[in-house]
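Peer 1: what follows is a predicted protein model with its sequence.
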Amino acid sequence: MNGTPASVVEAAFRHYRSQDREAALPLYADDFTFTSPQDDHIDKATFFERCFPTADRLKEQRLLHVTAASEELVFVHYAYELATGDRYRNMEAITVRDGRIREVQVFFGGKV
């Protein structure tokens with residue numbers, strides 16, 4: 001995979017929003033894990049089954065900050081609006097190694 005860790009992360013968010021699973025799959029490592037307040041270290045298959053298909057609940061999602069914290073760690077701060085009109089902001093710490101996302105840790109923000 002080519003690109004900086006930040007560009008890999010930005011591509012993953014684009015593919016999520018467009019629900020382009022085939023384009024997204026190669027961005028994630030086989031040993032990928034996803035953790036959020038609702039999920040505890042789920043694997044790649046479970047992530048693509050449970051979490052990836054949820055973009056239809058969003059009216060809008062904007063990346064506010066995509067910041068490389070190190071050679072492998074990218075922090076993402078984003079805002080989104082649900083179809084219900086509720087608005088939120090979250091943070092993610094995403095580890096990218098060898099051009100593939102290895103780990104995502106999601107930190108839920110409050111309603112704005």
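Peer 2: Right, received. Where do you want to start? Residues are numbered from 1 along each chain as shown.

Peer 1: please make it C-alpha for all contacts and neighbour counts, starting now.
Peer 2: OK.

Peer 1: please enumerate the strands of the protein.
Peer 2: Under the criterion DSSP state E, the chain contains strands at 28-36, 39-43, 58-68, 73-82, 87-97, 100-111.

Peer 1: distance to residue 12 added to the ones you listed, as JSON lines?
Peer 2: Converted to JSON lines, the strands of the chain look like this (distance: least, Cα to Cα, whole Å):
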{"stretch": "strand 28-36", "distance to residue 12": "9"}
{"stretch": "strand 39-43", "distance to residue 12": "16"}
{"stretch": "strand 58-68", "distance to residue 12": "12"}
{"stretch": "strand 73-82", "distance to residue 12": "12"}
{"stretch": "strand 87-97", "distance to residue 12": "11"}
{"stretch": "strand 100-111", "distance to residue 12": "9"}
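
Peer 1: quick one: closest of those strands to residue 17.
Peer 2: Ranking the strands of the chain by proximity to residue 17 (Cα to Cα) places strand 58-68 first, at 7.9 Å.

Peer 1: which secondary structure elements does that closest one contact?
Peer 2: helix 5-18, strand 73-82 (3 or more Cα pairs under 8 Å, 6 or more residues apart in numbering; DSSP states H and E).

Peer 1: give me the angle between the first one and strand 58-68.
Peer 2: Same thing as helix 5-18. 170 degrees (axes from the mean of the first three to the mean of the last three Cα atoms, to 10 degrees).

Peer 1: same question for the last one.
Peer 2: Using the same axes, to 10 degrees, the direction of strand 73-82 lies 160 degrees away from that of strand 58-68.

Peer 1: which residues does strand 73-82 contact?
Peer 2: With Cα atoms under 8 Å, 6 or more residues apart in numbering as the test, strand 73-82 has contacts from 5-6, 9, 57-69, 87-96.

Peer 1: wait, isn't residue 93 in contact with residue 108?
Peer 2: No: counting by Cα atoms under 8 Å, residue 93 sits too far from residue 108 to count as a contact (11.6 Å).

Peer 1: before we move on, back to that, export the strands of the chain as a markdown table, with columns for mean neighbour count, mean pLDDT and distance to residue 20.
Peer 2: Supplementary listing: the strands of the chain in a markdown table, determined by neighbours: other Cα atoms under 10 Å; pLDDT from 0 to 100; distance: least, Cα to Cα, whole Å:
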| stretch | mean neighbour count | mean pLDDT | distance to residue 20 |
| --- | --- | --- | --- |
| strand 28-36 | 17 | 98 | 13 |
| strand 39-43 | 15 | 97 | 19 |
| strand 58-68 | 15 | 97 | 15 |
| strand 73-82 | 19 | 98 | 19 |
| strand 87-97 | 19 | 98 | 20 |
| strand 100-111 | 18 | 95 | 16 |
